[in-house]
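attaching a predicted model along with its sequence, questions to come.
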Amino acid sequence: MLIGELARRAGTTERLLRYYERVGLLTAQRRHNGYREYDAGAVERVRQIRELLAAGLPTREIRRIIDCAHPDGRLDACPGVLDTLRARLTELDARAAELTAARAALRQAITTTESQRERA
């Protein structure tokens with residue numbers, strides 16, 4: 001299928017598909033006229049890429065583990081997969097803690113500001 005058809009079937013844009021190809025997540029054959037042609041599995045591949053992106057993995061990490069993905073979303077325990085997933089979870093946990101602290105500080109600032117306004 002051509003890039004436009006893949007974009008339509010995968011629910012994404014041609015531009016994004018070109019990006020996935022440029023960073024090594026997706027491959028296409030080239031027709032004699034230079035048009036990209038994708039195999040039938042490309043729709044599933046794009047879905048897997050998008051799921052891994054939604055899980056917070058950057059494209060460089062997805063490139064390392066995408067070949068371990070199954071159509072149902074499972075990942076084989078290929079070398080490095082668990083380490084990659086655990087490392088990303090640790091990063092996300094740290095960010096969540098930072099956001100929680102920032103949220104508490106913001107709430108405190110709002111409370112303090114409201115208290116000052118009420119006294120004025």
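Now that the structure is in, tell me what you want to look at.

hey, where'd the helices end up in the protein?
3-10, 14-22, 42-54, 59-65, 81-119 (DSSP state H).

in terms of pLDDT, where does the residue most central in space within the chain sit?
Closest to where the C-alpha atoms of the chain average out (C-alpha atoms, centre = their mean) is L53, at 1.0 Å. At L53, the model reports a pLDDT of 93.

also I49?
94.

now for the closest residue to it other than its chain neighbours: which residues touch it?
Spatial nearest neighbour of I49, excluding adjacent residues (C-beta to C-beta, 6 or more residues apart in numbering): L25 at 5.3 Å. Bear in mind the C-beta positions are built from the backbone N, C-alpha and C, glycine included. Applying C-beta atoms under 8 Å, 6 or more residues apart in numbering to L25 gives the contacts 45, 49, 59, 62-63, 66.

ok, the residue nearest to the centre of the chain to V46 distance?
The gap separating L53 from V46 is 10 Å, by C-beta to C-beta, to the nearest Å.

coming back round to it: can you give me the pLDDT of the residue nearest to I49?
96.

just E118 next, same as before
E118 is given a pLDDT of 81.

looks like E51 contacts D72 (just checking).
No - E51 lies out of contact with D72 (C-beta atoms under 8 Å); the separation is 10.8 Å.

counting neighbours, go ahead and name the busier of these two.
Remark: of E51 and D72, E51 carries more neighbours, 13 against 5, as counted by other C-beta atoms under 10 Å.

for the more buried one, which non-adjacent residue is spatially closest?
That would be G73: by C-beta to C-beta, 6+ apart, it lies 6.2 Å from E51.
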